[in-house]
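Enquirer: Structure for this input, please:
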Amino acid sequence: MTSPILIAVTGPESTGKSQLCEALAVHYNTVFVPEQARAYLEQLGSKWQYEDVLQIARLQQAAIEAALYTKHKVVFCDTELIAIKVWLQFYGLHCPQWVEDSIDNANIKHYLLMNIDLPWASDPLRENPDPADRATLFNSFVTELQQHQKPYSIISGSETARLRNAISVVDDLV
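Expert: Okay, the predicted model is just below:
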């Protein structure tokens, strides 16, 4: 059995990652790996701690690895471990070596980096509405993708334009 092509949709908060993953999964008649942080934090019911972020990273990585055993040609991942690393760094926290190693060894073929050009949508789990923070986070994603030599495309525009732009990139990969 051939493993599916994994494509990660990543980027700062409130950039349409989940919506794009769902739309891409529908378009390509496939599945997507949901973001593990949302369910974890909703269940946590209190402010996250460092160990919570590491647990989210483990859950996300396990979900991505499980996706390798599906029978689909392509699977989309609603975030991945670069997001964990960027989050830890933004808050001045240590990124463990296993996260770095997991990023380097990821089976992800391409990253769709969501631009911060959509308006901020308030949500109890989101923490960084400040435009300067969003720009810092976005630039950190670019830096990490480049440092880890990961292939990526920046996805911008309205929700409709993002889907159209993402489909164009994915069509070239599958």
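Enquirer: Please state the offset of the lowest-mean-pLDDT helix or strand in the chain from the chain centre?
Expert: Taking all helices and strands of the chain together, the one with the lowest average confidence (mean pLDDT, DSSP states H and E) is helix 36-44, at a mean of 87. Here helix 36-44 shows a centroid-to-chain-centroid distance of 15 Å under the convention Cα atoms, centre = their mean, to the nearest Å.
Enquirer: Show me what counts as buried in that helix.
Expert: By 16 or more other Cβ atoms under 10 Å, the buried positions in helix 36-44 come out as Gln36, Ala37, Tyr40, Leu41. (C-beta placed from N, C-alpha, C; glycine too.)
Enquirer: contact partners of it?
Expert: When contacts are defined by Cβ atoms under 8 Å, 6 or more residues apart in numbering, helix 36-44 is touched by residues Trp48, Asp52, Gln55, Ile56, Leu59, Gln60, Ala63, Thr79, Leu125.
Enquirer: mind running it again at 10 Å?
Expert: Contacts of helix 36-44 from elsewhere in the structure, counted by Cβ atoms under 10 Å, 6 or more residues apart in numbering, are 13, 18, 35, 47-48, 52-53, 55-64, 78-79, 83-84, 87, 123-125.
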